[in-house]
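Undergrad: what's the 3D shape of this:
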Amino acid sequence: MEMYILLKNKGMPGMRKYFLMVFILLIVDILSGCGVKTSSQSFLREDTELGFVQRVAVLPFENHSKDEFAAARARDFTITQGLAMGLFDIVDKGLVDSVLQEEVIESGAPLDESMTKRLGQRLKVQAVLLGAVDYSGEGQKGNFAFPELSLTMRLVDADTAVVLWQASGYGSGYCLWKRLFGLAPRDIFQVGLGTIEDMLETLPAR
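TA: Below you'll find the predicted structure:
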């Protein structure tokens, strides 16, 4: 009996250390709100001031994922976040699509200088924002499934077709404590808005 108690007590520090580590991880996740996990990388052309860009047209996004609604969703999220963050005035997407149709410019088609200039003149914008959804799907850790999204966006000067800014971003709905307690992860709506906000925040203040 004494030996059993001794062995049991000998194992206690290890168990305490394990539970303490789990507790700390949970507290860190809870304090951080266990929000959308995002990361991004961006490029800004040297010696470029974006103060001249007051009005922007967000063109239809390309879709390289298997999610057929991913591109339309990402475009809408970009317009919403761009307006909410007060970055630019953004042309209504219905007007943009109408002009693209009249100019016979297909969604995702490469834009040359003459095309961007025509769009700039017709839509009265200084730049166009283009994007592509590189991946939109479901990640898996054990039995825990969560949405994942990666996309690329670029801001192009309407007069010169020069890329002024470009960013690539990744977002995940994974959350450790939600996984441990069997709770639902962040959904694709939250992941999309969070990822795009993170990317747009790399634009310099004007």
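
Undergrad: hey, where'd the helices end up in the protein?
TA: 2-31, 70-84, 93-102, 113-123, 176-180, 188-200 (DSSP state H).

Undergrad: Domain map for this structure?
TA: The record's domain parsing of the chain by automatic domain parsing lists 1-33, 36-200.

Undergrad: Please work out which of those domains is packed deepest.
TA: Neighbour counts (mean count of other C-beta atoms under 10 Å) averaged over each of those peak at domain 36-200, with a mean of 17. The way it works is simple: take the backbone N, C-alpha and C, and place the C-beta from them, glycine included.

Undergrad: need the contact list for the closest residue in space to Glu106 that isn't next to it in sequence.
TA: Nearest non-adjacent residue to Glu106, counting by C-beta to C-beta, 6 or more residues apart in numbering: Leu100, 8.0 Å away. Taking C-beta atoms under 8 Å, 6 or more residues apart in numbering, we find Leu100 in contact with 59-60, 106-107, 119.

Undergrad: In strands, which of these appear?
TA: Among the contacts of Leu100, no member falls in strands (criterion: DSSP state E).

Undergrad: ok, so of those residues, who is nearest Ala158?
TA: Closest to Ala158 out of the contacts of Leu100 is Leu119 (6.3 Å), distances taken as C-beta to C-beta.

Undergrad: so the closest one makes contact with Val99?
TA: Yes: with contacts counted by C-beta atoms under 8 Å, Leu119 reaches Val99, the gap being 6.7 Å.
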